[in-house]
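In: Quick one, what's the 3D model for this:
(chains A and B)
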Amino acid sequence: MKARSLLPGALLVLLVVAAALLSYLWTPFDVTTLNIRNKFASPDATHWLGTDHLGRDILSMLMVGARTSIAVALVAVGIGMGIGVPLGLLAAARAHSWLDELIMRGNDLVFAFPALLIAILITAVFGPGAINAIIAIGIFNIPVFARLTRGAAMSLWSREFVLAARVAGKGPLRISLEHLLPNITNLLVVQGTIQFSLGILAEAGLSYVGLGAQPPIPSWGRMLAESQTLISLAPHLALFPGLAIVITVLGLNLLGDGLRDWLDPRLRRER
Amino acid sequence: MKKRFRLPVLLFLATAISQAQAARTDLTLGMQLEPPNLDPTGGAAAAIDEVVYANIFEGLTRFDANGRVIPALASSWTIENEGARYVFTLHSGVTFHDGSEFTAEDVKFSIERAMAEDSTNAQKQLFANIDSVEVVDPHTVAINLTQADGNLLFNLAWGDAVILDPATAADAATSPVGTGPFVFDKWVQGDRVEISRFEDYWGEPVRLDKATFKFISEPTAAYSAILAGDLDAFPNYPAPENLAQLDADPRYSVVLGSTEGETILAMNNATAPFDDVRIREAVAHAINREEIIDGAMYGYGTPIGTHFAPHHPAYVDLTEQSAYDPEKSRALLKEAGVEDGLTVSLKLPPPAYARRGGEIIAAQLRDVGITAEIENLEWAQWLEQVFKGKDFNLTIVSHTEPMDVGIYANPEYYFQYDNADLQALMTELAGETDPDKRLDMLQQAQHIIADDYVNGYLFQLARTGVANSKLKGLWPNSPTQANDLTAVYWED
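Out: Below is the predicted model:
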């Protein structure tokens, strides 16, 4: 069994996803109700992870925050795949044409801007909020998937089964969808997992600087930002959201590694 | 054995004594905001005055640490013509930092420059009653008013009324030249302003040789800078949550004082839904001030019920009139026909009082059925959208100018309150010189705006200063926007 990291990764991710899903039905406390008299409570039997500077239950906030993080990252990866993969297939199908050049240089252009810069640009124009954070992170994901797809598809275009399909009279669109896409799915899944964890980090970064989900919607990054000046007073305020981000990103990276080992046909043959 | 360490011990004692004798004469002072320029007569930003007021520039009169108006460049004055003409006698032997002499011509120039049609002075209303400035002789200047004005000496004490030299006034924004006890040295944009002692100062010489104003906007960075000893003082310390810790540390002293900062939940009186006084009253009763002061300011702040500073003699405590009463609030909303809920925008500038206070107020409003959608803005965006554009329902901001109840007489001001009675009262107040009548009018004004529930009145911002415990002479209060260093010294 080569995919050693698959199980622990999957378990960690499952834990976070389960917490996020559970938060739709139940959280220990309401995250929008403040209880200022009970601020900075240390972790105890009532508040498992303590309360924050406005007396909100940190566990509940982390659960709802997981929802924000996952939703933002998921949709952002969706945007990246939804636009990037077709672009990559198109570029591969018309390799070395002006269209290929146009797509790939456009990708380079977007790639040249750091994600955070694009995000700040978008939120400066349209105002801060979760939706704009999603768009910003999504745009950053497009060139990643476009490049990956083009590279993988290009190498497949010269393979015998593609030639056979061309001889059989299939057009580039059908070949791309029926023969290329299924063959690069494993690559996309692995890359998707990695982009997902980067998306979680990007969302945390954006809300840390105040450009992500706006209060009262809890978000991990903002929880960290707010606990900054309080770290010597109540370290648990920064500790738990920090741990939540670490667990999620670690889980996703392990899962990504595991999936790569598991799905890679070359490695599978060795098994 | 004993002999061996005698010499080092003596040396150690000698250095310790010499260090103790020579008290420090330099100062690094932290400020949260950097001034956009250094000309107090050409900008509204409080940070300008916080650097230059009383340090680089002086006016005819000035505020002292307690907010009293005392003589500055004018040694004395007489009031003639039933309060419509003020004759000021100026100090002689006063020079500007570039060596040129200060005379009555400079006074005439500065006031006329501030009054001019194309002037960029942020507080032009201070000069509205001035008809003409007359040079009687080089050391006597008379100000003729259009009507008697009891506020003139107060108005002239503002940073916006300081005296500049005609030769250097145009460059004051980047290289200010005044008559004050400190000379401007350099401004490293984004970092600091350095000033040093003016050797030819006309008044009592200052005890500091050098002072640096360092700009640190992040509360966390401010806290670290204080702990690391990079800053000797932070007069408006931005992170109240750390104060208890700093106070417990013998190296620092925490000074609590009052400010002129009325922190309000401003409502846009000109547009729905807050053009309806019942809805404004409902908001007022939905607010729990104690919770806001405790949650956002860690207990530092005094509740207010109107737009007036509690330490002022004319203050009326009207907090009961808008006491926390969610039941009444719901009833009022029902009466106004919006019991099904109301969604409004709440635009918040960066300071902690606004951001944290905003979250608390949003929760309190949600409790009575008003959904306040929070939008966090940077100062530039806030000024553009809220202050200039008036595109908001609710916002939280602290009005730090002294005695600024007059803003309610201006229907163009961002919260757009338009009440003819109050406007008439303010006009009358401007012409009144009798102190008792003025007091009475100021109290009437407080009642009018409280009765109309113009804004939600939250609390008077506390001045929470942190300083090295050996540093003395900083103002504990903020009667005006200033960091007056003239009396600052290091204790041995």
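In: Now tell me what touches stretch B:206-221 from outside.
Out: Outside stretch B:206-221, the residues that touch it by C-beta atoms under 8 Å, 6 or more residues apart in numbering or on different chains are A:228-229, B:25-34, B:50-51, B:55, B:181-182, B:190-197, B:222, B:225, B:230-231, B:238-239, B:352, B:483, B:485-489. To be clear about C-beta, it is placed using only N, CA and C from the backbone, and glycine gets the same treatment.
In: if we go to 6 Å?
Out: A:228-229, B:25-32, B:34, B:51, B:181, B:192-197, B:222, B:225, B:238-239, B:485-486, B:488-489 (C-beta atoms under 6 Å, 6 or more residues apart in numbering or on different chains).
In: again with stretch A:43-58
Out: By C-beta under 6 Å, 6+ apart, stretch A:43-58 touches A:28-29, A:31, A:34-36, A:38-39, A:41-42, A:59, A:230, A:236-237, A:240, B:295.
In: where's B:G159 relative to A:L243, distance?
Out: 49 Å (C-beta to C-beta, to the nearest Å).
In: Give me the more crowded residue out of these two.
Out: Applying other C-beta atoms under 10 Å in any protein chain shown to B:G159 and A:L243 shows that B:G159 carries more neighbours, namely 26 against 13.
In: That one contacts B:P40, doesn't it?
Out: Yes - with contacts defined as C-beta atoms under 6 Å, B:G159 counts as touching B:P40 at a distance of 3.9 Å.
In: Could you name every residue contacting both of the two?
Out: By C-beta under 6 Å, 6+ apart, the residues touching both B:G159 and B:P40 are B:D49.
In: ok, residues contacting stretch A:9-28?
Out: Contacts for stretch A:9-28 (C-beta under 6 Å, 6+ apart): A:57, A:59-60, A:63-64, A:66-67, A:70, A:247-248, A:251-252, A:254-255, A:258.
In: so which of those residues would you say is closest to A:M104?
Out: Using C-beta to C-beta, A:L252 is the member of the contacts of stretch A:9-28 that lies nearest A:M104, at 27.8 Å.
In: re earlier: got a quick ChimeraX command for the buried subset of the contacts of stretch A:43-58?
Out: The ChimeraX selection below is limited to those of the contacts of stretch A:43-58 classed as buried (16 or more other C-beta atoms under 10 Å in any protein chain shown):
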select /A:29,31,34,35,36,39,41,59,230,236,237,240 /B:295
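In: Dump stretch B:225-236 to CSV, restricted to CA.
Out: Extracted as CSV, the C-alpha positions of stretch B:225-236 are listed here (Å, rounded to 0.1, in the frame of the first residue of the first chain):
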residue,chain,number,x,y,z
ALA,B,225,6.7,48.8,20.2
ILE,B,226,5.8,49.9,23.7
LEU,B,227,7.0,46.6,25.2
ALA,B,228,10.2,46.7,23.2
GLY,B,229,10.9,50.3,24.4
ASP,B,230,10.9,51.7,20.9
LEU,B,231,8.3,54.2,22.0
ASP,B,232,8.4,56.3,25.2
ALA,B,233,4.7,57.2,25.0
PHE,B,234,1.5,56.5,23.1
PRO,B,235,-0.9,59.3,24.2
ASN,B,236,-3.9,57.8,22.3
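In: can you tell me the average pLDDT over that stretch?
Out: Here stretch B:225-236 scores 92 as its mean pLDDT.
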